[in-house]
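Novice: please find the sequence and the predicted model below.
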Amino acid sequence: MKFRPCYPIVLVPDTVKAGNFQPLILPSESSGATRLGASELEFGSILKHYFGVRALSQQQFLPSGHDRPYSADFVVVEPSTKLHIDLEIDEPFSFSGEQIHCVGMDDYRNKCFVDANWLVLRFAEEQIRSQPLRCLRVLANLIARYTNDTTSQKLFQDVEPLTPIWQWTRKKSQNLLRQNYRKQYL
């Protein structure tokens, strides 16, 4: 059987593991009228409450050799080290029924961020809806692990660990769409 990732999905560049946090590409504000969904709005408020100005939404990221930028759901920048984190919220299908974020679909995008020395952290939409503080605990623990800044980590020390969720395959995404699964937690 092929490898099937489990949320939260964490991708860390080797250079970050070695202590070099300087991103090779900096984000810029979204110039378009990109809309945040209900999940992103709610989670964004909680994220901003705990991480303040370190958390930005809908930032553009233009990889080398690309004509069009990616738009990150959220970017978290650790102020003292400049560690950049692409924080993504994945859903199994769009409201129009398109399968998205299935196993393998975001590999190239993730690689672009990792190649630019960004840490990538992906949560399932269901996790951020039902366990937002547990998601923030994961974020705070990652920051503490790589930067030794435990300020945020202390805020979540009494929060339970996040319940993992398997990333969906295309077949699983189709089944979830038929069951209208997103309605159960939105």
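Specialist: Nice, thanks for sending it over. Residues are numbered from 1 along each chain as shown.

Novice: the biggest helix by length in the chain: what's the following helix or strand?
Specialist: In the chain, assigned by DSSP state H, the helix with the most residues is helix 132-147. On the C-terminal side of helix 132-147, the nearest following helix or strand under DSSP states H and E is helix 151-155.

Novice: low-confidence stretches in this structure?
Specialist: Residues of the chain that meet the criterion pLDDT under 70 lie in 1-2, 31-38.

Novice: in it, which spans are strands?
Specialist: 6-7, 9-11, 28-29, 55-61, 70-77, 84-90, 119-124, 165-166 (DSSP state E).

Novice: would JSON lines of those strands with distance to residue 149 and mean neighbour count be doable?
Specialist: Every C-beta, even on glycine, is put in place using the N, C-alpha and C of the backbone. JSON lines is the format used below for the strands of the chain (distance: least, CB to CB, whole Å; neighbours: other CB atoms under 10 Å):
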{"stretch": "strand 6-7", "distance to residue 149": "24", "mean neighbour count": "18"}
{"stretch": "strand 9-11", "distance to residue 149": "17", "mean neighbour count": "17"}
{"stretch": "strand 28-29", "distance to residue 149": "25", "mean neighbour count": "10"}
{"stretch": "strand 55-61", "distance to residue 149": "15", "mean neighbour count": "20"}
{"stretch": "strand 70-77", "distance to residue 149": "12", "mean neighbour count": "20"}
{"stretch": "strand 84-90", "distance to residue 149": "13", "mean neighbour count": "24"}
{"stretch": "strand 119-124", "distance to residue 149": "14", "mean neighbour count": "24"}
{"stretch": "strand 165-166", "distance to residue 149": "28", "mean neighbour count": "14"}
